[in-house]
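*Asks:* Sequence first, predicted coordinates after that:
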Amino acid sequence: MKQQETILVLDFGAQYSQLIARRVREAGVYSQIIPFNASLEEITSFQPKGIILSGGPATVHEPGAPQPDKELRTLGIPILGICYGLQVLAMAYGGNVSRPDKREYGLAHLTRRSESVLLDGIPDSSEVWMSHGDAVDSLPEGFTVTGSTENCPFAVLEDNQRSCYGVQFHPEVVHTPSGKRIIENFVRGICGCSSSWSMGSFVEQAVAEIRETVGSRQVVCGLSGGVDSSVTAALIHRAVGDQLQCVFVNHGLLRKGEGELVQRVFRDTFHMQLVYVDAEDRFLSELAGVTDPERKRKIIGKIFIDVFEEEASKLGKIGFLAQGTLYPDVIESVSASGGPSVTIKSHHNVGGLPENLKFSLLEPLRELFKDEVRLLGRELGLPDEVIMRHPFPGPGLGVRCVGEVTPARLHALREADAIFIDEIRKAGLYGEIWQALVCLLPVKSVGVQGDRRTYEEVCSLRAVTSEDAMTADWFKFPPEVLSRTANRICNEVDGINRVLFDVTSKPPGTIEWE
Ligand code: XMP
């Protein structure tokens, strides 16, 4: 790949490392997260224009506290330390860190103390978001204090001579309104980056890279209709055209209209080679009588792989398997024990593929965040109905049909789900919600419709807001939207006579019910 301007984020185990990388990219500069203990060789191999030391949960004084390579400072590359990163820098340059009587969590008021490159263009007094136990308590040699808060005299430190900078607060979070400017000041003003990284340039580079990797071989891509696999397919198609063959497995657990949407977009609009496999009967007969959530997932995952492999083997000699793996799935983060570890949401690999694959993996989205994938999708001409879709799990309605999965129950669930999504769209709320879904519960309740007593199934509506699906809160619906949805479901869907609304956050609940 052509060498691009890169800012490295050294991850000391912060909750916010990914956010730092995102903010840098939003400033138009490519950024990559690597573990705090990356070797000098690894660091220099990126030819970084700047290095950001992230925050982290450790205390600099504790034995084994994470430290970057001692020689990092000798590279002459500008460094910005954030929170724990600042403390590491301060200690390295002869300052001291202690635990103040008053710790700071939440909003604090930052006051500028002197001329500052990092705070250039920021009001003399601004709000910043703090989250720390320790703080720098004596000035490291060569540094100037350029900003402080009520309880943190050394909130911003700068040493222009050695291009070393640090902030005790978190510029990467939205609660620090001038944080964006601080990151821009660092990457552009201090590191001299040109802000040329954009989705357009990503497409160009990725296309060239895919062509080079794939050569004249064939690629197969499992298309689910979700954002990640759709963008993966569109990008690879842009690069190698008909050398890409997509396989869409209809497992009978899809939402209403989903199979048609995928065929319309990919076959009719993009003219991609698409194999549509109707495997509904096979999945549903294996699922008959199964109620245990883990068994359901295992069955669905296993048959998915079998079907996919059977279809792929009919396609001739395949060199690559394309997957929509995203950056958060591959980032090496730092575990609580201090050692780097790979974060994988294991159950989310359902619908993924076995380890003993015959092909090499092609994962062109490995460097992107979800919102970047959406931008990329738009750049590639995918319609909003695909790009802006709520996430939908690999096992589909199988994990939303709590209890036994039967064709009749799936039908009721599919119809109820379509009504809920329709009402959300009509109310203009679809884009505000991370994910909305209906679950059919294994419970029956008594109702009355007309003069008739009914005894039918119960469904639960769930809609959440979230940044990354790791945590979520329930969406505060206007009551009339819930009311319309409930009325329509009871009136229009055979077999459901009661509708509940789920107000559980995550944690303790998960987003899906199973
Ligand atoms: P939970 O239910 O664990 O889900 O809060 C978090 C997010 O992941 C989605 N999800 C899955 N996605 N295969 C997927 O591709 C799966 O097996 C799977 N299970 C959950 C879920 O919809 C939510 O967005």
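*Replies:* Right, received. Where do you want to start?
*Asks:* Going by C-alpha atoms from here, please, whenever you check contacts or count neighbours.
*Replies:* Fine.
*Asks:* What strand or helix carries the closest residue to residue 286 other than its chain neighbours?
*Replies:* Among residues not flanking residue 286 along the chain, residue 299 sits closest, at 7.2 Å (C-alpha to C-alpha, 6 or more residues apart in numbering). Here residue 299, judged by DSSP states H and E, is contained in helix 293-313.
*Asks:* which other helices and strands contact that helix?
*Replies:* strand 244-250, helix 280-287 (3 or more C-alpha pairs under 8 Å, 6 or more residues apart in numbering; DSSP states H and E).
*Asks:* related to what we said a few turns ago, need the per-residue pLDDT for the residue nearest to residue 286.
*Replies:* Note for residue 299: predicted pLDDT of 97.
*Asks:* picking that back up, can you say which of the helices and strands packed on helix 293-313 is nearest to residue 234?
*Replies:* strand 244-250 (9.7 Å; C-alpha to C-alpha).
*Asks:* just checking, what packs against that closest one?
*Replies:* Counting by 3+ C-alpha pairs under 8 Å, 6+ apart, strand 244-250 packs on strand 219-222, helix 227-240, strand 273-278, helix 293-313.
*Asks:* Can you mark which positions in the helix holding residue 299 are buried?
*Replies:* Neighbour-count burial for helix 293-313 flags 293, 296-297, 299-305, 307-308, 311-312 (criterion: 16 or more other C-alpha atoms under 10 Å).
*Asks:* how about the residues you listed, which pair is most distant?
*Replies:* Taking C-alpha to C-alpha, the two most distant members of the buried residues of helix 293-313 are 293 and 312; they sit 28.3 Å apart.
*Asks:* shaky segments in this protein?
*Replies:* 1-3, 331-357 (pLDDT under 70).
*Asks:* what's the domain layout of it?
*Replies:* In the domain annotation for the chain, the residue ranges read 6-190, 199-387, 401-501 (automatic domain parsing).
*Asks:* Indicate whether the last one makes contact with the ligand.
*Replies:* Yes. Counting by C-alpha under 6 Å from any ligand atom, contacts between domain 401-501 and the ligand involve residue 469.
*Asks:* quick one: terminal-to-terminal distance for that domain?
*Replies:* Criterion C-alpha to C-alpha, to the nearest Å; first-to-last residue distance in domain 401-501 is 16 Å.
*Asks:* Which residue ranges of this structure form helices?
*Replies:* Ranges of helices in the chain, per DSSP state H, are 17-26, 40-45, 84-92, 179-184, 199-214, 227-240, 258-262, 280-287, 293-313, 327-330, 370-379, 384-387, 407-426, 479-492.
*Asks:* roughly how far is the longest one from the heart of the chain?
*Replies:* Just to be clear, that refers to helix 293-313. 25 Å (C-alpha atoms, centre = their mean, to the nearest Å).
*Asks:* check contacts around the closest residue to the ligand within the stretch 51-200 of the chain.
*Replies:* Closest contact between the stretch 51-200 of the chain and the ligand, by C-alpha to the nearest ligand atom, is at residue 173 (22.2 Å). Neighbour list for residue 173: 16, 19, 129, 179 [criterion: C-alpha atoms under 8 Å, 6 or more residues apart in numbering].
*Asks:* Now for residue 420, how many residues are close by?
*Replies:* A count of neighbours around residue 420, defined by other C-alpha atoms under 10 Å, yields 25.
*Asks:* ditto for the one 10 residues further on
*Replies:* The burial metric for residue 430, expressed as a neighbour count using other C-alpha under 10 Å, is 19.
*Asks:* right, and it touches residue 423 too?
*Replies:* No. Judged on C-alpha atoms under 8 Å, residue 430 makes no contact with residue 423 at a distance of 9.1 Å.
*Asks:* before we move on, back to that, mind checking which of the helices and strands packed on strand 244-250 is nearest the ligand?
*Replies:* Here helix 293-313 is closest among those (C-alpha to the nearest ligand atom), at 7.1 Å.
*Asks:* Format the CA atom coordinates belonging to the closest one as CSV.
*Replies:* The C-alpha trace of helix 293-313 is given here as CSV (Å, rounded to 0.1, in the frame of the first residue of the first chain):
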residue,chain,number,x,y,z
PRO,A,293,-31.0,-20.5,22.7
GLU,A,294,-27.4,-21.9,22.5
ARG,A,295,-28.5,-25.0,20.6
LYS,A,296,-30.5,-22.8,18.2
ARG,A,297,-27.5,-20.7,17.5
LYS,A,298,-25.2,-23.7,17.0
ILE,A,299,-27.7,-25.4,14.7
ILE,A,300,-28.1,-22.3,12.6
GLY,A,301,-24.3,-21.6,12.5
LYS,A,302,-23.5,-25.2,11.5
ILE,A,303,-26.1,-25.5,8.7
PHE,A,304,-25.1,-22.1,7.5
ILE,A,305,-21.6,-23.2,7.0
ASP,A,306,-22.6,-26.5,5.4
VAL,A,307,-24.9,-24.7,2.9
PHE,A,308,-22.3,-22.1,2.2
GLU,A,309,-19.6,-24.6,1.6
GLU,A,310,-21.8,-26.7,-0.7
GLU,A,311,-22.6,-23.6,-2.8
ALA,A,312,-19.1,-22.3,-2.9
SER,A,313,-17.8,-25.7,-4.1
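*Asks:* before we move on, the earlier item: please identify the most buried of the helices and strands packed on helix 293-313.
*Replies:* Mean neighbours per residue, mean count of other C-alpha atoms under 10 Å, is largest over the helices and strands packed on helix 293-313 for strand 244-250, with a mean of 22.
*Asks:* quick one, that strand and helix 227-240 angle?
*Replies:* 160 degrees (axes from the mean of the first three to the mean of the last three C-alpha atoms, to 10 degrees).
*Asks:* Is strand 244-250 in proximity to the ligand?
*Replies:* No. Using C-alpha under 6 Å from any ligand atom, we find that strand 244-250 stays clear of the ligand, coming within 13.9 Å at best.
*Asks:* tilt between that strand and helix 280-287?
*Replies:* Using the same axes, to 10 degrees: strand 244-250 against helix 280-287 is 50 degrees.
*Asks:* Adjacent strands (with direction) for strand 244-250?
*Replies:* Using DSSP bridges, strand 244-250 pairs in its sheet with strand 219-222 (parallel), strand 273-278 (parallel).
*Asks:* Measure how it sits relative to helix 293-313, angle-wise.
*Replies:* Using the same axes, to 10 degrees: strand 244-250 against helix 293-313 is 140 degrees.
*Asks:* Am I right that residue 5 is in contact with residue 49?
*Replies:* Yes. With contact defined as C-alpha under 8 Å, residue 5 reaches residue 49; the gap is 6.4 Å.
*Asks:* Identify the contacts common to these two.
*Replies:* Between them, residue 5 and residue 49 share the contacting residues residue 193, judged by C-alpha under 8 Å, 6+ apart.
*Asks:* Assess the claim that residue 514 and residue 403 are in contact.
*Replies:* No. Using C-alpha under 8 Å, residue 514 is not in contact with residue 403; the gap is 9.8 Å.
*Asks:* Counting neighbours around each, name which of those two comes out higher.
*Replies:* The neighbour comparison of residue 514 against residue 403 (other C-alpha under 10 Å) goes to residue 403, with 20 against 16.
*Asks:* and that one, what does it touch?
*Replies:* 290, 291, 292, 441, 442.
*Asks:* Most neighbours among the residues you listed, please name it.
*Replies:* Busiest of the contacts of residue 403 [other C-alpha under 10 Å] is residue 441, holding 19 neighbours.
*Asks:* Drop anything exposed from the contacts of residue 173.
*Replies:* Of the contacts of residue 173, these count as buried by 16+ other C-alpha under 10 Å: 16, 19, 129, 179.
*Asks:* In contact with the last one, which residues?
*Replies:* Which is residue 179. Contacts of residue 179 were listed using C-alpha under 8 Å, 6+ apart, and they are 128, 170, 171, 172, 173.
*Asks:* hmm, which two among those are most spread apart?
*Replies:* 128 and 172 (10.1 Å).
*Asks:* What residue, apart from its backbone neighbours, is nearest residue 513 spatially?
*Replies:* Per C-alpha to C-alpha, 6+ apart, closest to residue 513 is residue 400, 6.3 Å.
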